[in-house]
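[1] Provide a 3D model corresponding to the input given below.
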Amino acid sequence: MNLNAPLAERLRPKTLADYVSQTHLIGEGGALSQHIKQGLIPSMIFWGPPGTGKTTLANIIATESGRPFYTLSAINSGVKDIREVIEKAKQSGGLFTTKNPILFIDEIHRFSKSQQDSLLQAVEKGWITLIGATTENPSFEVISALLSRCQVYILNAFDKTDLETLLNRAIQSDEYISKKNITLKETTALLRLSGGDARKLLNIFELLVNSYDTEEIIINDDEVLERIQNNTVRYDKTGEQHYDIISAFIKSIRGSDPNGAVYWLARMIEGGEDVKFIARRLLISASEDIGNANPTALVIANNTFQAVSTIGNPESRIILSQCATYLACSPKSNAAYMAIGKAQQLVKQTGDLSVPLSIRNAPTKLMKELGYGDDYKYAHNFENNFAEQEFLPKEIKNETLYEPGNNTRENAQREFLKKRWKDKYNY
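    Model (predicted):
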């Protein structure tokens, strides 16, 4: 074993039995378990945060299904590289085998449309089984023609149990670390610094262990924070601080601090972050954190996404800065966000309640005879384009899901609703 390799690499599992987490995919009855057992591997996209085992799982699938394995990184591969690998895969696959080679593409979301197009025929003809890995939503970043030919599997951030299992495995089985007398008294700080990223956790743990000059090491939260927290790596667009920085960026906007917002924006830009990723997060924030307090925020954020998608770097930084500072300076409301959360929770609790007959569609004579659409009041036929009637199922008719925020625009909405609905919306 190469002791110069990072701890995360030294502990990389080689079999499914050693693989930690993602039991919804590879546990008993998991979505991938039967495919792997039978050797019938579909083309697929692994979507999940950094350090959740996407690359490792692809390697294990290739090994346990006995298939040739080729790998490309979207960061430094072009169409020429893709075609060369596909040609090699076609030759290694042979004419009379069902075990076609696996082509693993890391960070497939960074491939351009033309690069993704170059994969289509190979996937469709079965020359390769494609496994792509991405930290971004494939619905946005993978072309529809390729996405339709792949299964999408979501990998989750590791939970506390998974991460502690990895730490104990390192202490017990790593050739270097197992020689030291390590007592793991507390893990909270280590787990928090890892952010659910197994690779980051193990590499921080190795850095921590190497900071001691004694063989006996007692690890507690204070020691971790003192030795590690001020020594974290700079922004890494491949994942190490990807989620920490975007979190700080959005929280600065939510907290109405344009200085914080533009600083964290600069950190991402200087780190080479994808401008479309930043613009998508601004879109979400415009609705989640501002919403109806300033509906124009969503329009500006959407225009920002369209603009940076067209313009690219380096000019996109100006547009992103304009949008970020605008959102930070906007009045805030999470009323729409809270409303849909309450509504979804209510649906889970109450199930599929019947639509009231009065607001059902009645396209056929039988439906009309059954009372579909009876007593429906067409709002435009009434004064002020409003007629009081019930739109919720009778079982939940008294529920209030949307509560306008306390700001100029939503206060006006509140007054509008109170005038229209004298009993129902009695805020």
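
[2] can you pull the buried residues of the lowest-mean-pLDDT helix or strand in the chain?
    Within the chain, confidence by mean pLDDT, DSSP states H and E is lowest for helix 365-369 among all helices and strands, at a mean of 75. Residues of helix 365-369 classed as buried under the neighbour-count rule (16 or more other C-beta atoms under 10 Å) do not occur. For glycine as for every other residue, the C-beta is placed from the backbone atoms N, C-alpha and C.

[3] next: stretch 78-95.
    For stretch 78-95, the neighbour count (16+ other C-beta under 10 Å) marks 82, 85-86, 89-90, 93 as buried.

[4] nearest to residue 315, of these?
    When the buried residues of stretch 78-95 are compared for distance to residue 315 (C-beta to C-beta), residue 82 comes out closest, at 29.4 Å.

[5] now the strands: where do they sit in the protein?
    With DSSP state E applied, the chain shows strands at 44-47, 69-73, 102-106, 129-134, 151-154, 181-184, 216-219, listed in chain order.

[6] turn those into JSON lines, columns for mean pLDDT, mean neighbour count and distance to residue 286.
    As requested, those are exported to JSON lines (pLDDT from 0 to 100; neighbours: other C-beta atoms under 10 Å; distance: least, C-beta to C-beta, whole Å):
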{"stretch": "strand 44-47", "mean pLDDT": "94", "mean neighbour count": "24", "distance to residue 286": "24"}
{"stretch": "strand 69-73", "mean pLDDT": "90", "mean neighbour count": "17", "distance to residue 286": "33"}
{"stretch": "strand 102-106", "mean pLDDT": "93", "mean neighbour count": "24", "distance to residue 286": "31"}
{"stretch": "strand 129-134", "mean pLDDT": "94", "mean neighbour count": "25", "distance to residue 286": "24"}
{"stretch": "strand 151-154", "mean pLDDT": "93", "mean neighbour count": "16", "distance to residue 286": "25"}
{"stretch": "strand 181-184", "mean pLDDT": "90", "mean neighbour count": "14", "distance to residue 286": "43"}
{"stretch": "strand 216-219", "mean pLDDT": "89", "mean neighbour count": "16", "distance to residue 286": "43"}
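
[7] among those strands, which is nearest residue 369?
    Taking C-beta to C-beta, strand 151-154 is the member of those nearest to residue 369, at 44.6 Å.

[8] check which helices and strands that closest one sits against.
    Here strand 151-154 touches strand 44-47, going by 3 or more C-beta pairs under 8 Å, 6 or more residues apart in numbering; DSSP states H and E.

[9] quick check: mean pLDDT of stretch 162-173?
    Stretch 162-173 carries an average pLDDT of 93.

[10] give the buried residues for it.
    By neighbour count with 16+ other C-beta under 10 Å, stretch 162-173 contains the buried residues 162-164, 166-167, 169-171.

[11] please apply the same query to stretch 181-195.
    182, 184, 187, 189-191, 193-195.

[12] dump it to CSV, restricted to CA.
    The C-alpha coordinates for stretch 181-195 follow below in CSV (Å, rounded to 0.1, in the frame of the first residue of the first chain):
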residue,chain,number,x,y,z
ASN,A,181,-2.7,4.6,20.2
ILE,A,182,-5.7,6.7,19.3
THR,A,183,-8.7,7.3,21.5
LEU,A,184,-11.7,8.9,19.8
LYS,A,185,-13.4,10.6,22.8
GLU,A,186,-15.6,13.1,20.8
THR,A,187,-16.5,13.2,17.1
THR,A,188,-18.9,16.2,16.8
ALA,A,189,-16.3,18.7,15.6
LEU,A,190,-14.8,16.3,13.0
LEU,A,191,-18.3,15.4,11.7
ARG,A,192,-19.3,19.0,11.5
LEU,A,193,-16.1,20.0,9.6
SER,A,194,-16.7,17.1,7.1
GLY,A,195,-20.2,18.3,6.1
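
[13] distance check, the most far-flung residue of the chain relative to its centre against residue 362.
    For the chain, the largest distance from the centre (C-alpha atoms, centre = their mean) belongs to residue 369, which lies 48.0 Å off. Distance of residue 369 to residue 362, given as C-beta to C-beta, to the nearest Å: 9 Å.

[14] in TSV, list the strands of the chain along with distance to residue 287.
    TSV is the format used below for those (distance: least, C-beta to C-beta, whole Å):
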stretch	distance to residue 287
strand 44-47	22
strand 69-73	34
strand 102-106	31
strand 129-134	23
strand 151-154	23
strand 181-184	42
strand 216-219	42
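
[15] to residue 406, which of these lies closest?
    Ranking the strands of the chain by their distance to residue 406 (criterion: C-beta to C-beta) puts strand 151-154 first, at 36.9 Å.

[16] ok, the closest one: who's next to it in the sheet?
    Using DSSP bridges, the strands paired with strand 151-154 in its sheet are strand 44-47 (parallel).

[17] so where's the stretch 101-250 of the chain shaky on pLDDT?
    Along the stretch 101-250 of the chain, the parts satisfying pLDDT under 70 run over 229-241.

[18] which among the buried residues of stretch 162-173 gets closest to residue 350?
    Where the buried residues of stretch 162-173 are concerned, and distances follow C-beta to C-beta, residue 350 has its nearest neighbour in residue 162, at 33.9 Å.

[19] what does the pLDDT read for residue 2?
    Residue 2 is assigned a pLDDT of 55 by the prediction.

[20] count of neighbours near the nearest residue to residue 194 once chain neighbours are set aside?
    If you skip the residues right next to it in sequence, residue 194 has residue 201 as its closest partner in space, 3.6 Å away by C-beta to C-beta, 6 or more residues apart in numbering. A total of 26 residues lie near residue 201 under the criterion other C-beta atoms under 10 Å.

[21] again with residue 146
    Neighbours of residue 146 under the rule other C-beta under 10 Å: 22.

[22] mind listing what's buried along stretch 255-263?
    Taking 16+ other C-beta under 10 Å as the basis for neighbour counts, the residues of stretch 255-263 that come out buried are 257-258, 260-262.
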